[in-house]
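Give the three-dimensional model of this entry:
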Amino acid sequence: MSTHEIAARRALEAIERRRERTWYQRAKRYALAVAIAAFFVESWRLAQVDLERFVSGLPKLAHWLAMAWPPKLDELPVFLERTAETVGMAAIGTMMATFLAIPMAILASRNITPLPKLYLPARWFLNALRGIDAFVFALLFVAAVGLGPFAGVLGIALHTWGSAAKLIADHVENANLGPMRAVETTGASRIVAAAYALIPDVLPVTLSTTLYLFEFNVRASTVLGVVGAGGIGQELKNSMDLLDFARLATIILVILAVVTAIDQLSGWMRRRLV
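As a prediction, this is how the structure comes out:
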């Protein structure tokens, strides 16, 4: 067999291999598309989506909206006080979570953890905290410490602990450790090196993360009163139970105004930190 024939044969074999790979890749894409479609079809069934019931319920919703206007303003001072309670719950819960998150983030950062064997358990622990919603934690603490905002604070703190520590740990793992290693070469301990070379780099992101979680917690904590954890959520539940839609509209407007103001302020502060 001549050199040209060998080269032509190899070229044909390469083309055939590319065709086989292309066919395999297409088959994988088709299989993935079928799996995704089947997933959403089954999700639609499990969620019991019924468009006919939705359409038939629109007149009832329109009737409720008509009953909600005009909003009742006679209890506005009470609603503002309850909303302030909600903001306080979110602030204290977020602050507690941030203080707890910093040492846990160090333990859960692969590149600086002082106890490498605890890296994965620490990550699993944070995943468990993030996986359980603040609403569920608040429900448990209502049973443990009784009704009131304190149960909401504890619920927010535990859930936010996992989220804050995970976000901070991810940033630490992606941080440049060159300055920290340089400080360590002078004989400084790892803690001292981290304090002088790593924390100044991580601190702005930590503060930005804390502000973001605070504004998220303000929104989330508005419903904690449903389980007896205090705040404006309790008034929201009472209005729903009494079908007092005018009172409900006032509460919703107060929540929207306060949440929007906090979002704008927090966003402005986070832009200043970055």
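
what's the helix or strand for the residue nearest to the spatial centre of the chain?
Most central residue of the chain, judged by C-alpha distance to the mean C-alpha position with Cα atoms, centre = their mean, is Ser163 at 6.5 Å. Using DSSP states H and E, Ser163 sits in helix 149-174.

following that helix, which helix or strand comes up?
On the C-terminal side of helix 149-174, the closest following helix or strand by DSSP H and E is helix 178-184.

on that earlier part again, so the residue nearest to the centre of the chain versus Pro77, what's the distance?
34 Å (Cβ to Cβ, to the nearest Å). Glycine gets a C-beta too; all of them are placed from N, C-alpha and C.

Excluding chain neighbours, what is closest to Met240?
Spatial nearest neighbour of Met240, excluding adjacent residues (Cβ to Cβ, 6 or more residues apart in numbering): Leu248 at 6.5 Å.

which helices and strands does whatever helix or strand the one you found lives in pack with?
Assigned by DSSP H and E, Leu248 belongs to helix 245-273. If you count contacts as 3 or more Cβ pairs under 8 Å, 6 or more residues apart in numbering; DSSP states H and E, helix 245-273 packs onto helix 51-67, helix 76-107, helix 199-220, helix 232-241.

Quick one: mean pLDDT over it.
Confidence for helix 245-273, expressed as mean pLDDT, is 79.

now stretch 115-131
Stretch 115-131 shows a mean pLDDT of 84.

what sits up against that stretch?
Residues from elsewhere that reach stretch 115-131 (Cβ atoms under 8 Å, 6 or more residues apart in numbering): 104, 107-108, 110, 113, 158-159, 161-163, 165-166, 169.

could I get these as TSV with distance to Ala261?
TSV is the format used below for the contacts of stretch 115-131 (distance: Cβ to Cβ, whole Å):
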residue	distance to Ala261
Met104	31
Leu107	36
Ala108	34
Arg110	39
Thr113	39
Leu158	27
His159	24
Trp161	26
Gly162	27
Ser163	23
Ala165	28
Lys166	28
Ala169	31
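
List only buried entries from these.
Buried residues within these, counting neighbours by 16 or more other Cβ atoms under 10 Å: Met104, Leu107, Ala108, Thr113, Leu158, His159, Trp161, Gly162, Ser163, Ala165, Lys166, Ala169.

Please report how far the fifth one lies from Ala144.
Read that as Leu158. Distance, Leu158 to Ala144, using Cβ to Cβ: 12 Å.

just for the stretch 1-150 of the chain, where's the confidence low?
When residues are selected by pLDDT under 70, those of the stretch 1-150 of the chain lie in 1-24, 68.

okay, how far is it across stretch 235-250, tip to tip?
Terminal residues of stretch 235-250 lie 11 Å apart, using Cα to Cα, to the nearest Å.

Need the contact partners of that stretch.
With contact meaning Cβ under 8 Å, 6+ apart, stretch 235-250 is reached by 64-65, 67-73, 75-76, 78-79, 82, 222-223, 225-226, 251-252, 255.

Also stretch 197-212?
Contacts of stretch 197-212 from elsewhere in the structure, counted by Cβ under 8 Å, 6+ apart, are 94-95, 98, 102, 112, 164, 167-168, 171-172, 175-177, 179-180, 182-183, 266, 269-270, 273-274.

Give the rounded mean pLDDT of it.
pLDDT averaged over stretch 197-212 gives 77.

picking up where we left off before, residues near the residue nearest to Met240, how many?
Leu248 has 22 neighbours, counted by other Cβ atoms under 10 Å.

same check, this time on Leu58
For Leu58, the count of nearby residues is 9 (other Cβ under 10 Å).
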